[in-house]
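Student: model the following, please.
(2 chains, ligands or ions: 3)
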Amino acid sequence: MKYTLQDFKSDQEVKWCPGCGDHAVLASVLRSMPAVCEELGINKENLVFVSGIGCSSRFPYYMDTYGFHGIHGRATALSTGMKVANPELCIWQMTGDGDSLAIGGNHFIHAIRRNININVILFNNRIYGLTKGQYSPTSKFGLVTKTSPYGTIEQPFTPGQLVLGARGTFFARTLDYDLALNQEILPIAAKHKGTSIIEFCTNCVIYNDGTHKEWSARELRDDTTITLRHGEKMLFGKNKEKGIVLDKETLQLKVVKLGENGITEKDILVHDAHTDNVGIHTMLVNMKYPDYPVALGVIRDVEDKTYDDNLWNQVCEVEAKAKIKSVDELLHSGATWTVEK
Amino acid sequence: MEHKIIDTKEVVIRFTGDSGDGMQLTGTLFADASALYGNEISTFPDYPAEIRAPQGTVAGVSGFQVHIGATEVKTPGDLCDVLVAMNPAALRANAKWAKPGASIIIDTDSFDEKSIQKAGFQTLDPISELKLEDYNIVASPITTLTKESLKDSGLDNKAIIRSKNMFVLGMCYFMFTRPIEFTEAYLEKKFAKKPHLIAPNKKVLNDGYNYAHNIHAIPSTYRIEPAKQEKGVYRNISGNVATAWGLLAASEKSGRPLFCGSYPITPATVILEELAIYKQLGAKTVQCEDEIAGICTSIGAAYAGNLAVTSTSGPGLSLKSEALGLAMITELPLVIIDVQRSGPSTGIPTKTEQTDLNQALYGRNGECPVMVMASRTPSDCFRAAFYAAKYALEHMMPVILLSEGFLGNGSEPWKIPSMAEYPAINPPIIKECEGKFKPFERDPETFVRKWALPGTPGLEHRVGGLEKTPAGAVSSDPQVHEKMVAARAAKIAKVADCIPDLEVIGEQSGDVLIVGWGGTFGHLYTATKNLLEQGMKVGFAHFDYINPLPKNTAEVLSKFKKIIVCELNSGHFVNYLRAKEPDFKYEQLNKVQGQPFMVQEIVDAVKAL
Ligand SMILES: Cc1ncc(C[n+]2csc(CCOP(=O)(O)OP(=O)(O)O)c2C)c(N)n1
Ligand code: SF4
Ligand SMILES: [Mg+2]
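Tutor: Ligands and ions are numbered 1, 2, ... in the order given. Next comes the predicted model:
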């Protein structure tokens, strides 16, 4: 490979709290970039890291690439402009749950709807970190924070559901500390043409410690999560003894044990990330612990036209047909008259 | 009765009717035909916010005023010589704009009891009620005549009635000895895909013309000789189109592809619509989800190396303020166009004002000066947009260009320039450097930083809203912050070295200096000429550059005994001048009615000093 992790490390001191999950995301990204560049056939100078505001949005400073630390909520719009201006750029947007789903919610859903070809890492720590611990649009109902001293009274978003609702073509979910899975997912996200949303369930040790822990703790994970891979059976458990089936009566997903009630591996669903059918993907992103294992991995990865491709195709088409080729010609187009003397 | 032909230097005509009566089109066609005939023209569309306000009500009245002249025409005219009123509501809303004794053409078919009441008249005699008895009322059954004209056309009743504006246009062509061919050619083009509509429209236009010729209610026709114009090729252009084209010109000159991220808003939308057409000239437009996305996509595009533009009106500029600060601190080139309208909030959204100047100058958090410029006439929007882009690109900063609804929607003939007359644009793009690239290192003369485009090997760097050292490291050091604040401000102040000096029209020194900026140019110019003709010692200085001010500002101000600053707001520019040039005493003339000045108002104000 052309690059190593060191090529992407900037000289800036990393300022996240010790133990913050964002460190692991940085490690995952640093380790993935050599492979991303290799697989896309691009150079480091084509990478741009873009962000909004939040602890997680400090990210671009820690990469020795082109980078833009924007304003709160607007990273998606910045990325969109960059990609339209120069489609050769490979854009990585770093955004918090507040940044992308509260103040930046509008830009977030519209970028997804347009399917602009960018990669978005959504740091979901279910809290506002930088402003010192207020609830976010993904905080659990009832969470006690400084702005909800008696518990929140609003229901959270499930980011994946929002992404699919906005016509998302790519959604993956992963855990901050699972470097192996992250390095598997990030190159797939990079290769996906369209808006790739990767939800990283991160831990804010200071203001929301353990928010995902009931299912994300290492010692529980075999039973509380399922890692989905395209074309593979939806099996989980220490010895892959459990699986997901579709209950034909209720049309809902169901957890089953192999060997119980005559269930064999044949009954277990095979993950199809490439199917256009958003129904099954919606069921998968909505699987919540403890009723289900939480789905990790690439849940949806479907092909569709991208905004940037459509735009450039249109530019080429218009160029080929156009009669006006310069501003001088433009100024003389339409009705004119000559004054002679 | 014999027709008199009156030779006159200028005439103002105002077309008014229900929103659905097609008065904007009628006015535009009349203006275009006059421009092609060689007259000087200026137009002023005055329409309601509602696309279809309740029919027949005063709220639903739409108007279009055209001023045509054999000599210089710089304004759409204060009051009109001819008023066309297609229904009672139009008459009620517009009678006040008619000169004493003016001709008023009304469609008697629409003056039935119900319509008169709907327009809010107390009696059934609108003419007496409005005290128009001494006016030359041309009362014609226009709807009936149109129906008669088209009875064999095969068109349905609705389509026939819709053609009555063409009948009136024909009448006006006769009254003003306009050639009809231009409009015939227009109809052929417009209905190319519906050819069955061409002949009926032409017929009704000609029937209107002949009708006006045959009736004796029109005692005289006007002849306005073509104006003496400079040799060259001319076209009509509106301010919004000129703005869009000026940006395309800057893109071509700079070699930087144009990017425009915007959200539709009256009266700025046409800029986005116009740019969306010219993909072949490299323009890419994104109709964003809101104005914040408009400016932020543009900032992203600027970072990636495009000539980035965002167009809006006042409420949109409010939404863009935070991001404008980001463009300023990251020192990226960006043109923000504000086609001002009446506010605050939604105000009177279709009416013109200059009430965003304070917002443009000050409306951001932190120490955030930006360059502010203004366009003076519809065609001048081309020059202004070109230079806004040039300064933004060459000085690596956002530039706010203030236009106005009056300019954006208004149009005038324009001698087409050659792009060869326009200067080069040289953005400070850097391709390589020794050692690590320092994004905020400055040119010692201009204080401008270099522009390193993503994709360039070796120049990887980070920008952002956090304060930085010249090397680009995040810093909250008090000294660094103060220095960077001062450096950014100094860079903008330095642009004064590049902008043209302030010019004075009329007397170069004397009793009164009339001062203005933006779209009031035509009215102030005409008032100045009037006052000079009356023997007053007045000069007129119009500011195209507001921040920074031209270097000779104080010198110009010092040459006159009195200074009067005229603007369509409560005094934004005059207060700015009071702060910037405190050695002078300023009088002021302000108007905040959503309407342009009237020349007479300015003349009276100067005389009253
Ligand atoms: C316009 C604006 N409003 C509010 C803020 C304050 N603010 C900064 S970050 C933030 C929330 C951060 O939460 P999140 O996006 O989840 O990022 P995290 O810190 O958790 O990574 C807020 C409210 C701001 N910087 N700008
Ligand atoms: S406050 Fe929370 S999110 Fe922010 S750096 Fe510290 S641990 Fe991480
Ligand atoms: Mg957060």
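Student: who are the contact partners of residue 138?
Tutor: Chain wasn't specified; assuming chain A. Residues in contact with residue A:138, defined by Cβ atoms under 8 Å, 6 or more residues apart in numbering or on different chains, are A:97, A:101, A:124, A:126, A:156-159. Yep, even glycine has a C-beta here, placed from its N, CA and C like the rest.
Student: wrong one, I was asking about chain B
Tutor: Contacts of residue B:138 by Cβ under 8 Å, 6+ apart are B:103-106, B:217-218.
Student: for these, work out which two are farthest apart.
Tutor: B:106 and B:218 (13.1 Å; Cβ to Cβ).
Student: restrict the contacts of residue A:138 to contacts with ligand 3.
Tutor: With Cβ under 5 Å from the ion as the criterion, those include residue A:97 near ligand 3.
Student: which ones among the contacts of residue A:138 are found in strands?
Tutor: Among the contacts of residue A:138, the members found in strands (DSSP state E) are residue A:124.
Student: which of the contacts of residue A:138 ranks first by neighbour count?
Tutor: Tallying neighbours with other Cβ atoms under 10 Å in any protein chain shown puts residue A:124 at the head of the contacts of residue A:138, with 28 neighbours.
Student: check what pLDDT the nearest residue to that residue once chain neighbours are set aside gets.
Tutor: Sequence neighbours aside, residue A:97 is the residue nearest to residue A:124 in space, at 4.7 Å (criterion: Cβ to Cβ, 6 or more residues apart in numbering or on different chains). With respect to pLDDT, residue A:97 has a value of 98.
Student: what does residue B:51 give?
Tutor: On the pLDDT scale, residue B:51 gets 69.
Student: buried among the contacts of residue B:138? Make that a ChimeraX selection.
Tutor: In ChimeraX, this line selects whichever of the contacts of residue B:138 come out buried by 16 or more other Cβ atoms under 10 Å in any protein chain shown:
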select /B:103,104,105,106,218
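Student: adding secondary structure, write the contacts of residue B:138 out as a markdown table.
Tutor: Below are the contacts of residue B:138 laid out as a markdown table (DSSP: H, G, I helix; E, B strand; the rest coil):
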| residue | secondary structure |
| --- | --- |
| B:103 | strand |
| B:104 | strand |
| B:105 | strand |
| B:106 | strand |
| B:217 | coil |
| B:218 | coil |
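Student: for the helix or strand harbouring residue B:184, packing partners?
Tutor: In the assignment (DSSP states H and E), residue B:184 maps to helix B:181-190. Using 3 or more Cβ pairs under 8 Å, 6 or more residues apart in numbering or on different chains; DSSP states H and E, the elements in contact with helix B:181-190 are helix B:23-37, helix B:198-214.
Student: identify each buried residue in that helix, please.
Tutor: Residues B:182-183, B:186-187 are the ones in helix B:181-190 that count as buried (16+ other Cβ under 10 Å).
Student: same check, this time on stretch A:307-325
Tutor: Under 16+ other Cβ under 10 Å, the buried positions of stretch A:307-325 are A:307-308, A:311, A:315, A:324.
Student: spatially nearest residue to the one residue in the stretch 201-341 of chain A that gets nearest to chain B (excluding sequence neighbours)?
Tutor: In the stretch 201-341 of chain A, the residue that lies nearest chain B is residue A:322 (3.4 Å; Cβ to the nearest Cβ). Excluding its sequence neighbours, the residue lying closest to residue A:322 (Cβ to Cβ, 6+ apart) is residue B:280, at 3.4 Å.
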